[in-house]
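# Curious how this folds, go ahead:
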Amino acid sequence: HDPEKPGWPRLPGRRRVLATVVQWDRVRRGVRNLPRLRVTINPGEVSMRVFRVAMLIGVMAIPAAGVAYAHERGKKVYLTLNIIPHNEDLALLDAYIEDIGKIPFDALILSDPGTMMMIREKLPNYEIHLSTQANNTNFMSARFWHAQGVSRVILARELSFKEISETIAKSPEDLEFESFIHGAMCISYSGRCLLSNYMADRDANRGDCAQACRWKYRLVEEKRPNEFYPVVETDQGTFFFNSKDLCMIGYIPELIQSGLVSLKIEGRMKSIYYVANIVRVYRRAIDRYYADPENYVFDPEDLKEIQKASHREFTTGFFFDKPDKNDQLYHNASYVRGYDFVGVVRDYDPATQLATVEQRNRMLLGEEIEVMRQSGGDYLQKIKVMLSDQGEPIDSAPHAQMILKMKMDQPVQPLDILRRERKGD
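Residues are numbered from 1 along each chain as shown. This next block holds a predicted model:
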């Protein structure tokens, strides 16, 4: 505790790691072996994090199974319902709320006051968290939302540690605070952007952002339509929209001491590999801090492990100061991909040492892969034996999500992940 830093005395309990997910495998892999994990499920068109397939197969089917699976393992599940609705959305929203009431979510994440009124009328006993889409940047707004029955505020990304600690110190004691600590950064104000809508007719405020901010732009003079000029950073301002990704793995003590009770990882539309890898690194770093706070030091291996998942260059966002030109990407919008996610274990027979694997990227006999295990530590091995699902020897696995058998050097379990380092890219 530092008495010079307002808000820091409020340090209740061990910090929770929360990841946003939209698919069943991400729920299972996230909750299986990660203590104190919280999961946010984002199904359907009434969430900002849209996943339209869920609407086609029965929007509540995945959440129902996911909530039951998580609760059996002592984990909590929150449902995001943070669309900025127009009148035409209200009928769908009304019917959707009826379905929500059939599933015991631990909290609902909302941003719109009208939606909150509807929830209070139909589901009065549900815990309410305020979405980052509500752009809460000060303690007076936090007090207002607390008076409306909100139990947790997910702060806007545009806040520094100093602003976060002051907001927490000047808010009601029973109001919790959460913040994003890892993932993509929006060029607009906490996601309130019309660029995608204007350029691609895809509404970012209804969860369908085309990420037009990541596109490559050139300047064209009206009377010279075929002459394209590169857009550059000048003293007059920034003309590129492409932000680096947020990464706070190097600042675990500061995150914990800020008073935040929940640290959120952006996992929407990400692979099972991405969610599992990023969540486990933060969870282990946080647990290591609590085991010995006085002697905790950042482990560079944590950053190296995070960099094995697809990412852009990293920034600390607004946590220390307002971003400048060094927090933007000017050369391209591409991800850095040092590793490929090549497979996920579906079953394992200890007698034969054969794992049943679902392919996620082409694999070849004889190449080296890394096995990312939920327990027992990761290890490298060469693929020595591969069999088709009919038991016939094969030398490659070229077909998307094909099922195969693979001889493993060490025991594995369902939902362990296989990855391969990219060579020569």
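
# Residues in contact with the top strand by length along the chain: which ones?
In the chain, assigned by DSSP state E, the strand with the most residues is strand 339-349. With contact meaning CB atoms under 8 Å, 6 or more residues apart in numbering, strand 339-349 is reached by 25, 271-274, 308-309, 354-363, 369-370, 397, 403, 406, 408, 411-422. For every residue, glycine as well, the C-beta is placed using N, CA and C.

# The residues you listed in strands, which ones?
Within these, residues falling in strands by DSSP E are 354-359, 363, 369-370, 397, 403, 406, 417-421.

# still on that earlier bit, just the CA trace of the longest strand of the chain, in CSV.
Taking C-alpha atoms only, strand 339-349 is exported to CSV below (Å, rounded to 0.1, in the frame of the first residue of the first chain):
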residue,chain,number,x,y,z
TYR,A,339,3.6,-19.6,-34.7
ASP,A,340,0.8,-21.5,-36.4
PHE,A,341,-2.0,-23.2,-34.5
VAL,A,342,-2.0,-26.6,-36.1
GLY,A,343,-4.2,-28.9,-34.0
VAL,A,344,-6.3,-29.5,-30.9
VAL,A,345,-6.4,-32.7,-28.9
ARG,A,346,-9.8,-34.4,-28.8
ASP,A,347,-8.8,-37.6,-27.0
TYR,A,348,-5.8,-39.6,-25.8
ASP,A,349,-5.1,-43.3,-25.2
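
# Direction included, what does that strand pair up with?
With DSSP bridges as the test, strand 339-349 is paired with strand 354-359 (antiparallel), strand 417-421 (antiparallel).

# follow-up on the earlier one: from the ones in strands among the contacts of strand 339-349, which would you call buried?
Among the ones in strands among the contacts of strand 339-349, the ones that count as buried by 16 or more other CB atoms under 10 Å are 354-359, 363, 369-370, 397, 406, 417-420.

# Relative to residue 78, which of those residues is nearest.
Residue 78 has its nearest neighbour among these in residue 417, at 24.6 Å by CB to CB.

# Verify the stated contact: the closest one with residue 280.
No. Using CB atoms under 8 Å, residue 417 is not in contact with residue 280, being 10.5 Å away.

# before we move on, back to that, which one of the strands paired with strand 339-349 lies closest to residue 245?
Checking those against residue 245 by CB to CB gives strand 417-421 as the closest, at 19.1 Å.

# how many degrees apart are that closest one and strand 403-407 in direction?
Per axes from the mean of the first three to the mean of the last three CA atoms, to 10 degrees, the angle that strand 417-421 makes with strand 403-407 is 80 degrees.

# For the biggest helix by length in the chain, buried residues please.
Secondary structure of the chain per DSSP state H: the longest helix is helix 272-291. The neighbour-count check on helix 272-291 (16+ other CB under 10 Å) flags 272-283, 285-286, 288-289 as buried.
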